[in-house]
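Student: Show me the folded form of this:
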Amino acid sequence: MSKNYKKINAAIIIIGNEILSGRTEEKNIKFISSWLNEKIGITVKEVRIIPDIKHEICKSVLVLSKKFDYVFTTGGIGPTHDDITASSIASAFKLKYEFNKKAYNILEKYYGKKNFNDGRKKMAKMPKSSKLILNPSSAAPGFMIRNVFCLPGVPSILNSMIENCKRYLKRGARTHSKTINYLTVESNISKEMSKIQNKYLKTVEIGSYPFFRLGRVGVSIVIRSIIKRDLEKSFNELKKVLKNKNIKLFN
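Tutor: Residues are numbered from 1 along each chain as shown. This next block holds a predicted model:
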């Protein structure tokens, strides 16, 4: 692959017993993954969903921060006893867990001194030397330490904060994609897809996804690449091959 195309990757850690129990629906993975790919050119390569347990958080953060360029965590940075993400990450990196002066001032101003209780003060504690991710929705900031971004679990708040991560991220090569739908089953087109995938093995990813729509069985073929030229070539070759096989399009 050309040196002009730099791949940058990331992992996501979803932290929360409420996600694992099924009580709360998980919505952040799709949003973060799409934002990273479409806006920044970063590909998510791994996702973990883990409980609010200190050693699980420490282990996942340490492993993934070494394996990937960036790690995004969601959940566990609120005011309650089970919000232990910030303290756990401080322990993982052997950093002091302390009040961030800027975060403290933001929260004190937001709530007012009279209502700035211990639970709210807790949201200003984070690993030493953390950089803040400002929160336009509810004031309590997230933070970045090393290559780890810590964001809240509430989707609406996370969504409002994500743009404030941009300043800390290196941009990579954006992944482009094309999708085409056929009225067939995977076994009928697997040979043709394999040939084209092998031809463009270094630059293109081809995936097939069965569907049942309007009473009809079909397959969605998704082709992805960071190189537009190879994306177009492989896409057109696949269409030509399947047209010659009289495989019908589903529009």
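
Student: For Ile157, give its distance to Phe149.
Tutor: Between Ile157 and Phe149 the computed distance is 14 Å (C-beta to C-beta, to the nearest Å). Just so you know, the C-beta spots here come from the backbone N, C-alpha and C atoms, and that holds for glycine as well.

Student: Between these two, tell me which one has more neighbours.
Tutor: Legend: neighbour count by other C-beta atoms under 10 Å for Ile157 and Phe149, higher for Phe149 (25 against 17).

Student: Surely Leu109 is in a strand?
Tutor: Check again: residue 109 is Lys, not Leu. No: the assignment for Lys109, made by DSSP: H, G, I helix; E, B strand; the rest coil, is helix rather than a strand.

Student: Ignoring the adjacent residues along the chain, who's closest to Ser87?
Tutor: Nearest-residue entry for Ser87: Tyr97, 4.9 Å, with adjacent residues in sequence omitted and distances by C-beta to C-beta, 6 or more residues apart in numbering.

Student: Any regions of the chain where pLDDT drops low?
Tutor: Per-residue confidence for the chain (pLDDT under 70) gives these ranges: 1-5.

Student: ranges for the strands of it?
Tutor: Using DSSP state E, the strands found in the chain span residues 8-15, 42-50, 70-74, 97-99, 125-127, 131-135, 139-145, 148-151, 176-182, 204-213, 216-225.

Student: Check which helices and strands the third one sits against.
Tutor: The one in question is strand 70-74. strand 8-15, helix 28-35, helix 54-67, strand 148-151 (3 or more C-beta pairs under 8 Å, 6 or more residues apart in numbering; DSSP states H and E).

Student: contact partners of that strand?
Tutor: 8-16, 28, 32, 42, 57, 61, 64-65, 85, 89, 147-153, 158, 169 (C-beta atoms under 8 Å, 6 or more residues apart in numbering).

Student: And for the second one?
Tutor: Where contact means C-beta under 8 Å, 6+ apart, the residues beyond strand 42-50 that reach it are 7-16, 19-20, 26, 29, 32-33, 36-37, 56-57, 60, 64, 67-70, 169, 171-172, 175.

Student: just so I know, which of the helices and strands packed on strand 70-74 lies nearest Gly207?
Tutor: Gly207 sits nearest to helix 28-35 of all the helices and strands packed on strand 70-74, at 14.8 Å, using C-beta to C-beta.

Student: So what angle separates the directions of that closest one and strand 8-15?
Tutor: Angle of helix 28-35 versus strand 8-15, following axes from the mean of the first three to the mean of the last three C-alpha atoms, to 10 degrees, is 160 degrees.

Student: which of the residues in helix 28-35 are buried?
Tutor: Residues of helix 28-35 classed as buried: 28, 32-33, 35 (neighbour count, 16 or more other C-beta atoms under 10 Å).
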